[in-house]
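K.L.:
build me a model:
(one chain, ligands or ions: 1)
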Amino acid sequence: MLVQRCPRSSSSGSRSSPSWCWPGEATLRPSNPEPAPRPAAEALRIDAVDVHYGRFRAVRGATLVLAPGELVALLGRSGSGKTTLLRAVAGFERVTGGEIRLAGELIESPLHHVPAHRRSVGLVFQEYALFPNQTVAGNIGYGLSRGERGRVESLLRMAHLEGLEGRYPHQLSGGQQQRVALLRSLAPRPRVLLLDEPFSNLDAGLRVQMRDEVAAILRAEGMTALLVTHDRADAMAIADRVAVMDGGEIIEVATPRALYFEPATRTAASYGGDVQFVPGEAFGAAAESPLGQLPLARPFRGPCDLLIRPEWLRLRHGGTPAQVCARRFEGAVTRLDLAVGGQLLRMTAASSELADPGDVVGVTVAVPAVPFPRSE
Ligand SMILES: Nc1ncnc2c1ncn2[C@@H]1O[C@H](COP(=O)(O)OP(=O)(O)OP(=O)(O)O)[C@@H](O)[C@H]1O
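P.N.:
Model prediction:
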């Protein structure tokens with residue numbers, strides 16, 4: 001069995017699911033006629049999925065397709081529906097619309113429900129949920145047959161945990177526990193791995209190290225994975241693509257670079273990084289703006305608002321004159337408030353760039369601006 005437990009449902013107890021929601025419920029209604037399986041090029045297909053809690057529609061028409069071996073991050077603010085969607089894929093929430101398929105096989109629709117323990121879906125939560133009375137090897141090998149001992153050893157090697165196989169969870173650091181939890185979920189070779197905020201218990205330094213290690217392990221295993229996070233840096237650092245979830249909807253699916261440099265909507269732009277806009281008049285590949293003529297990330301014509309992230313600004317002699325209104329030193333970076341042509345702009349500069357309040361400096365934009373229709 002791949003699904004060991006679902007901490008959120010067991011710990012909170014507050015998620016009142018309709019009675020037909022519980023995982024493990026083997027038979028619901030006869031399944032609807034099964035369409036021909038989709039090509040195996042899709043490891044996971046979430047198609048127009050709705051999930052309701054009573055009358056509240058927590059997930060709204062969510063569509064997302066993962067290719068085999070792809071790592072996709074579901075990025076959104078608290079309450080945007082990320083965990084609900086993940087739980088629907090795992091089999092812990094019933095969908096009220098749409099369908100979910102694993103490698104073409106229908107596993108969830110309003111009329112069809114494959115129980116969680118039969119989905120071959122692995123789960124990793126922020127609470128590592130290791131078995132306290134089992135060793136590292138016992139935890140990882142849980143659910144494997146005796147003949148698969150070699151699998152435990154190779155996973156330990158891959159995660160650089162050789163030598164720790166005889167330890168118990170309380171004898172491990174947080175990062176080691178998280179790696180063991182990951183290996184335990186990977187061991188039975190699930191069809192897809194679901195990770196719910198797996199790094200949020202870790203301090204900042206360890207978090208960065210762990211997310212790189214987790215990504216490396218997932219790639220070495222060729223695992224298809226869906227990672228829920230509210231942390232944009234986590235999502236951007238390790239995902240092949242980021243699915244932005246807002247108000248229950250998946251509003252944009254893009255590579256991390258596209259989400260940062262060329263988001264399709266203003267809302268998605270705010271998930272990709274800090275946002276600020278200046279008015280512009282675009283004429284194809286460039287636009288006139290209070291910062292002079294700026295190249296555009298995509299062609300546009302007419303009045304627009306231009307996305308210029310604070311860190312895209314540079315202090316340069318000969319740039320557009322700007323007055324420094326305020327300065328906040330934050331160590332590696334310094335944040336400046338600049339008055340440019342009657343507009344206040346925020347700039348994030350390297351702290352080596354010296355400018356004091358009251359100075360008049362030259363400002364340029366180092367990255368093509370992203371145009372959005374003014375009316376949006
Ligand atoms: N059992 C439940 N009953 C009623 N409403 C629920 C239940 N579980 C979640 N919700 C609501 O559904 C919405 C989506 O919740 P969900 O936990 O999926 O969001 P999330 O994006 O994962 O948030 P977080 O990052 O805080 O975990 C929220 O408004 C939440 O209050």
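
K.L.:
from now on I want contacts and neighbour counts done on CA atoms only, so please keep to that.
P.N.:
OK.

K.L.:
give me the distance between the residue nearest to the spatial centre of the chain and A349.
P.N.:
Taking CA atoms, centre = their mean, the centroid of the chain lies closest to A73, which sits 2.7 Å from it. Distance, A73 to A349, using CA to CA, to the nearest Å: 29 Å.

K.L.:
please apply the same query to I251.
P.N.:
Taking CA to CA, one finds I251 at 31 Å from A349.

K.L.:
between the two, which is the more surrounded one?
P.N.:
A349 (21 against 16; other CA atoms under 10 Å).

K.L.:
is that one in a bridge, and if so with what?
P.N.:
T334 (DSSP bridges).

K.L.:
check what pLDDT it gets.
P.N.:
On pLDDT, A349 comes in at 89.

K.L.:
wouldn't it be in contact with G331 here?
P.N.:
No - assessed by CA atoms under 8 Å, A349 is found out of contact with G331, at 10.7 Å.

K.L.:
count the residues that sit near the spatially closest residue to P373 that is not a sequence neighbour.
P.N.:
Closest residue to P373 apart from its sequence neighbours, by CA to CA, 6 or more residues apart in numbering: C304 at 4.8 Å. Other residues within reach of C304, judged by other CA under 10 Å, total 23.

K.L.:
care to break this structure down by domain?
P.N.:
As assigned by automatic domain parsing, the chain contains the domains 7-261, 278-373.

K.L.:
among those domains, which gets the worst mean confidence?
P.N.:
Mean pLDDT values for the domains of the chain show the minimum at domain 7-261, a mean of 84.

K.L.:
show me how far that domain is from its chain's centre.
P.N.:
Distance of domain 7-261 from its chain centroid, counting by CA atoms, centre = their mean, to the nearest Å, is 11 Å.

K.L.:
was I right to think A43 contacts I100?
P.N.:
No - the criterion here is CA under 8 Å, and A43 misses it with I100 at 10.7 Å.

K.L.:
dump the residue contacts of A73.
P.N.:
Contact analysis of A73 by CA atoms under 8 Å, 6 or more residues apart in numbering lists L226, L227, V228, T229, A235, A239, D240, R241, V242, A243.

K.L.:
report the secondary structure state of the third one.
P.N.:
I take that to be V228. Assigned by DSSP: H, G, I helix; E, B strand; the rest coil, the conformation of V228 is strand.

K.L.:
now do the phi/psi pair for whatever residue of the stretch 201-350 of the chain ends up closest to the ligand.
P.N.:
Of all residues in the stretch 201-350 of the chain, H230 sits closest to the ligand, at 6.0 Å by CA to the nearest ligand atom. Note on H230: backbone dihedrals following degrees, to the nearest 10 are phi -100, psi 0.

K.L.:
burial of it, as a residue count?
P.N.:
Neighbours of H230 (other CA under 10 Å): 21.

K.L.:
again, but for T83
P.N.:
Quick note: T83 (other CA under 10 Å) scores 21 neighbours.

K.L.:
and E353, by the same measure?
P.N.:
When neighbours are counted by other CA under 10 Å, E353 registers 11.

K.L.:
now it: closest residue in space that isn't a chain neighbour?
P.N.:
L315 (7.6 Å).

K.L.:
D359 is in contact with that neighbour, correct?
P.N.:
No - using CA under 8 Å, L315 is not in contact with D359, being 11.6 Å away.

K.L.:
between these two, which one's more packed in?
P.N.:
Remark: of L315 and D359, L315 carries more neighbours, 19 against 13, as counted by other CA under 10 Å.

K.L.:
gap between the more buried one and R241?
P.N.:
L315 is 33 Å from R241, where distance means CA to CA.

K.L.:
go on, D337?
P.N.:
Counting by CA to CA, the gap from D337 to R241 is 33 Å.

K.L.:
can you check Q293 too?
P.N.:
32 Å.

K.L.:
then I100?
P.N.:
Remark: distance between I100 and R241 (CA to CA) = 19 Å.
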